[in-house]
Every structure is written in structure tokens, then in C-alpha cells.
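> I'd like to go over a predicted model; first the sequence, then the structure.
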Amino acid sequence: MDRFTISLPDELARDFDRWIAARSYANRSEAVRDLLRAELERTRLAEGEAAQCVGSLSYVFNHHERDLAERLTALQHAHHDLTVSTMHAHLDHDHCLETVIVRGPTTRVRRFADAFCAERGVRHGKLDLIGVDPQAAHRHGHGGAAHVHLGPAR
């Protein structure tokens with residue numbers, strides 16, 4: 001483990017300590033590690049360095065919109081290799097929230113999410129991605145078809 005020391009202005013240190021306490025971190029080191037991982041991952045994804053990803057696509061839609069539920073289901077079927085699972089929740093009489101767990105090549109997952117959010121009647125779409133480490137991925141089978149396990153980026 002590598003150690004380093006940083007200096008913070010008093011006000012920033014107090015704000016950071018409040019942030020740490022609000023999120024129940026055990027210490028500053030754990031909080032700094034998580035912040036660094038998050039920023040490095042955000043940069044990897046933004047710069048196209050994460051070839052594979054896992055993530056969630058969440059969106060709100062009006063279920064009365066003509067044929068929208070069918071169009072969304074058709075999109076998922078057309079991209080069944082990217083779609084792992086879908087959770088559906090009713091928000092009110094008119095609106096539903098769905099979250100689709102996705103995995104696959106980052107570029108294809110982004111295009112899939114863009115197509116989803118562009119459907120008439122979909123509102124508040126948001127894609128959250130986590131790059132996966134291709135070095136941690138391995139392919140094997142369990143008495144049936146082979147599949148890939150993807151490990152998280154470090």
C-alpha cells in the first residue's frame with residue numbers, strides 16, 4: 001500500500017469530515033479511495049478506455065403512451081445480449097419507473113440507452129455505467145452454454 005499526505009484548508013477539511021460522517025465511512029482513507037476510484041472510473045468511461053461495462057438504465061415513462069411498453073420491450077428483445085434484467089415499479093396512475101441492468105461493450109450499451117431514452121413517452125432517462133476490467137473477465141461453462149464473468153475495474 002502506498003501512502004501520501006495532503007494538506008487541506010480548514011473549511012474544506014471540515015466539509016470533508018461532515019461528508020465522511022454522513023456516509024458512514026470509518027476513516028478519511030476509505031473515503032479518499034472511493035472518491036479516487038469514482039473519478040478514475042468516470043474518466044475511463046468518458047475517454048472510451050473501458051471497453052466493457054455493467055450498469056443500469058433507469059427511466060420514467062407514461063404507460064398510457066400509445067404502444068410505448070411494447071416498443072420498449074421490443075428494444076430489450078432486440079438487444080437481449082445487453083439486457084440482463086428489468087425491474088418495473090408503478091409511480092402513480094400514469095407513470096412507471098423501470099430500471100434495466102445492462103452489460104456488454106460500452107459503445108453498444110450507450111447506443112442502446114440513447115435509443116431507449118429517445119422513444120416518445122420516455123422521460124428522465126439516466127444511464128449509470130461501471131467499467132469492467134477485461135483482465136478479470138473469464139469465459140467458462142457450467143454444464144451448458146459458456147458465459148463470461150466480468151470483474152470490476154480496480
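All right, it came through fine.
> right, and Leu68 touches Phe61 too?
Yes - using C-beta atoms under 8 Å, Leu68 makes contact with Phe61 at a distance of 5.9 Å. For glycine as for every other residue, the C-beta is placed from the backbone atoms N, C-alpha and C.
> so how far is the lengthiest helix in the chain off the chain centroid?
Secondary structure assigned by DSSP state H gives helix 28-46 as the longest helix of the chain. Averaged C-alpha coordinates place helix 28-46 at 14 Å from its chain's average position (C-alpha atoms, centre = their mean, to the nearest Å).
> neighbour count for Leu68 and Phe61, which is higher?
Between Leu68 and Phe61, Phe61 has the larger neighbour count (other C-beta atoms under 10 Å), namely 25 against 17.
> give me the neighbour count for the nearest residue to that one once chain neighbours are set aside.
Distances taken as C-beta to C-beta, 6 or more residues apart in numbering place Val122 nearest to Phe61, at 4.8 Å, with adjacent residues excluded. Using other C-beta under 10 Å, Val122 is surrounded by 18 other residues.
> how close does Val122 get to Leu8?
To Leu8, Val122 is 42 Å away according to C-beta to C-beta, to the nearest Å.
> same question, Glu30
Computed as C-beta to C-beta, the Glu30 to Leu8 distance reads 16 Å.
> got it, and Thr43?
To Leu8, Thr43 is 22 Å away according to C-beta to C-beta.
> just His64 next, same as before
As judged by C-beta to C-beta, His64 and Leu8 stand 52 Å apart.
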